[in-house]
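Peer 1: 3D model of this:
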Amino acid sequence: MADQDFTVRFWGTRGSIPCASPDYMQYGGHTSCLEVMCGDFQLILDGGTGIRMLADVLMQGAPKPLTILLSHTHFDHVMGLPFFMPLYTKGWDIRFFAGHLAPEDTLKNVFQKMMVSPFFPISPDAFKASLSYTDFTPGTVLNLHPGVVVRTLALPHPDRATGYRIEYAGKAFCYITDIEHTAGTLNQDLVAFLRGADAVAYDCTFTEAEYKAHVGWGHSTWEEGLRLVHAAGAKKLVIFHHNPNRDDAGMASVEAAAKALDAATIVSR
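Peer 2: Just a heads-up that it's a prediction; the model follows:
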């Protein structure tokens, strides 16, 4: 890989719950997980069910350092972590970061509460990798690797969530999930956070028509995503966190409608 390569791969695109059906094959049924490569530095965003497929690839190589940034710890974003095999394998060095729990709780404690009987048969004590847990305050700039800058922002969502802006080699990718907007009012802090980004993966769970019946659920719309991207002068909206009730045909309809307004828009898959 060239030193300046900056790539994003979606291993999980679905929101709320995984969907296993032939009707969900094109746009994906696994829940949130992204792999970001900044040169040879690897970042993982969220640990939904998609992270198990990423683990299959990672386990084919030698153990190495990994950095996992969590937007929040609702089940769909962490349910793959107990099945992430590098955690159970000596030699791996894995750093976890989260910005939504402090000061009331810690990420390490949340993991302990998640992997507990009768909900799961083993505890994090079974992990054999070298682990570290960092709880930060949104707004913190994370300098995780030379040349890589990760900016953070608090997002309005039940139990809180964190957005990430990853900057490398003169480019910027933003990961904004899960988030609820206020109808008719652009989030100016978010507009500033997205300013000039090359791509923005945004929580597009609902259409604007659907959102009216789901105010308070903690999610947003692709129409709001486009408004934010345009206001921020960002280059591309990436529709993400697909509604589990929207199969491939429904997603294709969303894609067509969004591209009709902005041809640069893509749907994660």
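
Peer 1: correct me if wrong: Ile17 contacts Ser32.
Peer 2: No: with contact defined as CB atoms under 8 Å, Ile17 and Ser32 do not form a contacting pair (11.4 Å). (Each C-beta comes from the backbone N, C-alpha and C, glycine too.)

Peer 1: and the pLDDT at Asp3?
Peer 2: The confidence metric pLDDT takes the value 71 at Asp3.

Peer 1: what sits against it?
Peer 2: Going by CB atoms under 8 Å, 6 or more residues apart in numbering, Asp3 touches Gly39, Asp40.

Peer 1: picking that back up, what is in contact with Ile17 and Ser32 at once?
Peer 2: Asp76.

Peer 1: so these two - more neighbours on which side?
Peer 2: Ser32 (34 against 14; other CB atoms under 10 Å).

Peer 1: give the contact list for that one.
Peer 2: 12-15, 45-46, 48, 50, 71, 76-77, 177, 240-241.

Peer 1: please redo it, this time with the cut-off set to 7 Å
Peer 2: Gly12, Asp46, Gly48, Gly50, Asp76, His77, Thr177, His241 (CB atoms under 7 Å, 6 or more residues apart in numbering).

Peer 1: show only the entries of these found in helices.
Peer 2: Among these, the ones falling in helices (DSSP state H) are Gly50, Asp76, His77.

Peer 1: so can I have CSV of these showing pLDDT and neighbour count?
Peer 2: As requested, the ones in helices among the contacts of Ser32 are exported to CSV (pLDDT from 0 to 100; neighbours: other CB atoms under 10 Å):
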residue, pLDDT, neighbour count
Gly50, 98, 26
Asp76, 98, 23
His77, 98, 27
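
Peer 1: go through those residues and name the one nearest Val57.
Peer 2: Gly50 (11.5 Å; CB to CB).

Peer 1: so that closest one touches His30, yeah?
Peer 2: Yes: under the criterion of CB atoms under 7 Å, Gly50 makes contact with His30 at 3.7 Å.

Peer 1: who touches both of the two?
Peer 2: Trp11, Gly12.

Peer 1: tell me the bridge partners for the closest residue to Asp76 other than its chain neighbours.
Peer 2: Using CB to CB, 6 or more residues apart in numbering and skipping residues adjacent in sequence, the residue nearest Asp76 is Thr31, 4.2 Å away. Note on Thr31: beta-bridge partners Arg14, judged by DSSP bridges.

Peer 1: same check, this time on the one 10 residues further on
Peer 2: With DSSP bridges applied, Phe41 shows beta-bridge pairing to Cys38.

Peer 1: same check on Ile266?
Peer 2: Val238.

Peer 1: near it, how many other residues are there?
Peer 2: 16.

Peer 1: wait, it sits on Val238?
Peer 2: Yes: here Ile266 reaches Val238: they are 5.6 Å apart, a contact under CB under 7 Å.

Peer 1: Cys37: how many residues sit nearby?
Peer 2: You called it Cys, but residue 37 is Met. 15.

Peer 1: distance of it from Gly48?
Peer 2: 19 Å (CB to CB, to the nearest Å).

Peer 1: Val116 now?
Peer 2: 20 Å.

Peer 1: now do Arg246
Peer 2: 17 Å.

Peer 1: and for Leu237?
Peer 2: Applying CB to CB to Leu237 and Gly48 gives a distance of 21 Å.

Peer 1: outside of the longest helix anywhere in the chain, which residues touch it?
Peer 2: Longest helix in the chain, counting residues (DSSP H): helix 248-261. Residues outside helix 248-261 that contact it (CB under 7 Å, 6+ apart) are Asp23, Tyr24, Met25, Gln26, Tyr27, Thr207, Trp222, Leu226, Ile239, His242, Thr265, Val267.
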